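Asks: can you look at this prediction? I've put the sequence above it.
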Amino acid sequence: MTRPSISRYPVPKLEDLPEDVRARMLEVQDKARFIPNVFLALAHRPDEFRAFFAYHDALMLRESGLTKAEREMIVVATSGANDCLYCIVAHGAILRIYAKNPLVADQVAANYRKADISPRQKAMLAFALKVATNSVAIDDADFEAVRAHGFSAEDIWDIGAIAAFFALSNRMANMISMRPNDEFYLLGRVPKSG
């Protein structure tokens, strides 16, 4: 059986990529033991690859009042609302690992309101989903709702920016039919052996 393509667009060979793009992929491969398909698919356009991952890192790696798991919750919940298979699966795996909880990603992707997460996290996701799906309707009451749970103005910017950035990511992944790596499906679901 042949494996389905990871993208509707050509996926460049590693050896044909600019050195900085290839180095980034190899660095990720060293940590994860595989190269996530998002790296391979977006390398079709190296300049956009660089811009995408620069913004990704600025949002997801910065010091913030949001934990790494909370950032991934935003990605998973908004990707669920945007029907983005790639991001639900890939970021669901990362969420399970950061949260050390094999159940949370599926719960958040399907319906965060029923997930085993805190009221604070539910308020965060309500705001994020409004940014992702109905940003024109955001008003002062939305800000007050998240402030009431202890989020600072900068934290709220982070919530909104992550939701907005991944709305772009979801749309690109859906447009190019980006396939999740098989490895992501099991990550964080079962204890590591040995």
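Replies: Done, it's in. Residues are numbered from 1 along each chain as shown.

Asks: tell me the buried residues in stretch 125-145?
Replies: For stretch 125-145, a neighbour-count test (16 or more other CB atoms under 10 Å) marks Leu125, Ala126, Phe127, Ala128, Leu129, Lys130, Val131, Ala132, Asp142 as buried. Bear in mind the C-beta positions are built from the backbone N, C-alpha and C, glycine included.

Asks: I'd like the average pLDDT over it.
Replies: The average pLDDT within stretch 125-145 is 98.

Asks: spatially speaking, which residue is in the middle of this protein?
Replies: With distances taken as CA atoms, centre = their mean, the residue of the chain nearest its centroid is Val75 (4.1 Å).

Asks: quick one: contacts for that residue?
Replies: Cys87, His91, Leu95, Ile162, Phe166 (CB atoms under 8 Å, 6 or more residues apart in numbering).

Asks: how near is it to Ile159?
Replies: Separation of Val75 from Ile159 (CB to CB, to the nearest Å) stands at 11 Å.

Asks: where's the residue nearest to the centre of the chain relative to Ser64, distance?
Replies: 14 Å.

Asks: ok, now Phe52?
Replies: Distance from Phe52 to Ser64, by CB to CB: 20 Å.

Asks: now Leu103
Replies: 25 Å.

Asks: between these two, who's got more neighbours?
Replies: Counting neighbours by other CB atoms under 10 Å for Leu103 and for Ser64 shows that Ser64 has the greater number, 18 against 12.

Asks: can you tell me the helix or strand for that one?
Replies: Using DSSP states H and E, Ser64 maps to neither a helix nor a strand.

Asks: list the contacts of it.
Replies: Arg71, Glu154, Asp155, Asp158.

Asks: about what we covered before: could you dump the contacts of Val75 to JSON lines with secondary structure, neighbour count and pLDDT?
Replies: Formatted as JSON lines, these follow (DSSP: H, G, I helix; E, B strand; the rest coil; neighbours: other CB atoms under 10 Å; pLDDT from 0 to 100):
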{"residue": "Cys87", "secondary structure": "helix", "neighbour count": "24", "pLDDT": "98"}
{"residue": "His91", "secondary structure": "helix", "neighbour count": "29", "pLDDT": "98"}
{"residue": "Leu95", "secondary structure": "helix", "neighbour count": "28", "pLDDT": "98"}
{"residue": "Ile162", "secondary structure": "helix", "neighbour count": "26", "pLDDT": "98"}
{"residue": "Phe166", "secondary structure": "helix", "neighbour count": "28", "pLDDT": "98"}
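
Asks: okay, these in TSV with distance to Leu59 next?
Replies: Shown next, in TSV, are these (distance: CB to CB, whole Å):
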residue	distance to Leu59
Cys87	14
His91	13
Leu95	15
Ile162	5
Phe166	9
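
Asks: what's the burial count for Asp20?
Replies: Other residues lying near Asp20 total 11 when counted by other CB under 10 Å.

Asks: what pLDDT is listed against it?
Replies: 98.

Asks: what does Thr2 give?
Replies: For Thr2, the pLDDT comes out at 70.
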